[in-house]
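Peer 1: Coordinates for the following, if possible.
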Amino acid sequence: MPSKLANVVGAGGQAKVVITTLRAAGFTVGAVYDEDLSKIGQSVAEVPVVGAIDQINPGTAGAFVIAIGSNSIRRQVATRLAFAHWLTAVHPRAFVHESVSLGEGTLVFAGAVVQPDTRLGSYSIVNTSASVDHDCCIGAFSHLAPGCHLAGAVTLGDGVFMGIGSAAVPGVHIGEWSTIGAGGVVIENVPANSVAVGVPAKVQPTSSCR
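Peer 2: I've put the predicted structure just below:
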């Protein structure tokens, strides 16, 4: 029988939601690890922060979940801990159709809806009450913030962040590592590495400042 012991990487606010999701899905959460050494000895949702991320090794008991909202940092952690067994966790009060493909390390929180023939890439997050309609393709390390809504056949490249309350109309493509601002409505394709905001969402000029 697979282990039901889970460990959480990241001790911020996202960890509270992740721990709640894991417990609701029947896992026992044993420990939290974080890069910030000042958090060691504290607790998150009554789970102790026991050590730094670098203290995780192949002999550490249990599987792992990354509770970090930043897509780029989540990718860094997954790369650093390539040896870890990563959990895919779905809150029991989410709806995920049986035809949906879930990558390793993917998280689906309470109230979320993921409709038929959608693919969620590894380490992606479908946050509280977000919805993903049929035939969407969500890239690895993407994050759909609370209340985000994707219509059918939307494609997100790797590392896309959809802000709180944002939306995308059917069939649009949002390029990798792009950000859609809170409340933005995407009605046309967005290039990779872009920031788009507003209704309809418009790609913002790239700053030349360093």
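Peer 1: can you tell me which residues contact the most centrally placed residue in the chain?
Peer 2: What sits nearest the mean C-alpha location of the chain, by C-alpha atoms, centre = their mean, is Ile125, with 2.2 Å. Contact analysis of Ile125 by C-beta atoms under 8 Å, 6 or more residues apart in numbering lists 69, 106-107, 109, 142-144. No exception for glycine: its C-beta is placed from N, CA and C like everyone else's.
Peer 1: Name whatever forms a beta bridge with it.
Peer 2: Leu107, His143 (DSSP bridges).
Peer 1: Confirm for me that Ser99 is in contact with Asp117.
Peer 2: Yes - with contact defined as C-beta atoms under 8 Å, Ser99 reaches Asp117; the gap is 5.1 Å.
Peer 1: now that we're looking at the closest residue to Ala145 other than its chain neighbours, how far away is Ala25 from it?
Peer 2: Leaving aside its chain neighbours, Ala145 sits nearest to Ile164 (4.5 Å; criterion: C-beta to C-beta, 6 or more residues apart in numbering). Noted for Ile164: a distance of 24 Å to Ala25, by C-beta to C-beta, to the nearest Å.
Peer 1: Phi first, then psi, for Leu102.
Peer 2: phi -110, psi 120 (degrees, to the nearest 10).
Peer 1: again, but for Phe161
Peer 2: Per degrees, to the nearest 10, the backbone of Phe161 is at phi -110, psi 120.
Peer 1: For it, give its distance to Pro58.
Peer 2: For Phe161, the distance to Pro58 equals 31 Å [C-beta to C-beta].
Peer 1: between the two, which one's more packed in?
Peer 2: Taking neighbours as other C-beta atoms under 10 Å, Phe161 and Pro58 compare with Phe161 leading, 24 against 8.
Peer 1: Without its sequence neighbours, what residue ends up closest to that one?
Peer 2: Thr179 (4.6 Å).
Peer 1: I'd say the one you found and Val195 touch.
Peer 2: Yes - here Thr179 lies in contact with Val195, judged by C-beta under 8 Å, at a distance of 4.9 Å.
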